[in-house]
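Trainee: sequence first, predicted coordinates after that:
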Amino acid sequence: MKITHHGSRLRSGRHSLVGQPYLITISARKRHAFFKDHDIAKRTCRVIHEIDSLGASHTWCFVIMPDHCHWMLTLEGNYSLSQTVRMFKGQSSRLAGVSLWQRGFHDRALRRESDLLPTARYVIANPLRAGLVTRLGDYPYWDAVWL
């Protein structure tokens, strides 16, 4: 069976604007549940905070699911969206000692400030909708600036 990657189609029309909020979705390689491993999931969470510390992004919220990640961020500094995601994928894979991520990622620019909070609620509720927990506070792999 041939696996088709849609990376070039995902990049088509992609623009990176400093100060622009984006919702990013990144899938694990072959949708493998790498992030059921507590150490890998915690290290991946730390990488998001480290990228913020570098000045590449401001994270509004994120959730690391067993086989994918949702990350709502605003681009900062001189980093493009692709560079920021590439840093995240590279650093998290190095820390895990295995290639974690599929090629490409999905992004959606959030055009209105009024979209931030509803989108964040959607992102962090993923573990509830997936039936991983019955209370969001019981899921350890997420964060949001509104806390």
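Mentor: Great, that's in hand.

Trainee: and stretch 124-137, how far out from the chain middle?
Mentor: Relative to the chain's own centre, stretch 124-137 is displaced by 17 Å; criterion: CA atoms, centre = their mean, to the nearest Å.

Trainee: list the buried residues in it.
Mentor: I124, N126, P127 (16 or more other CB atoms under 10 Å). Bear in mind the C-beta positions are built from the backbone N, C-alpha and C, glycine included.

Trainee: does the second one touch V63 like I think?
Mentor: Yes: at 5.0 Å, N126 and V63 qualify as touching, with contact defined as CB atoms under 8 Å.

Trainee: which residues do the two both contact?
Mentor: Listed contacts common to N126 and V63 are H70; contacts here mean CB atoms under 8 Å, 6 or more residues apart in numbering.

Trainee: got any ranges where this structure has weak pLDDT?
Mentor: 1-14, 147 (pLDDT under 70).

Trainee: and the helices in it, which stretches?
Mentor: 7-11, 38-53, 81-96, 116-124, 126-129 (DSSP state H).

Trainee: which one of these lies closest to H106?
Mentor: helix 7-11 (6.2 Å; CB to CB).

Trainee: between the helices of the chain, which gets nearest to A109?
Mentor: helix 81-96 (9.2 Å).

Trainee: show me how far that closest one is from its chain's centre.
Mentor: Using CA atoms, centre = their mean, the mean C-alpha position of helix 81-96 is found 10 Å from that of the whole chain.
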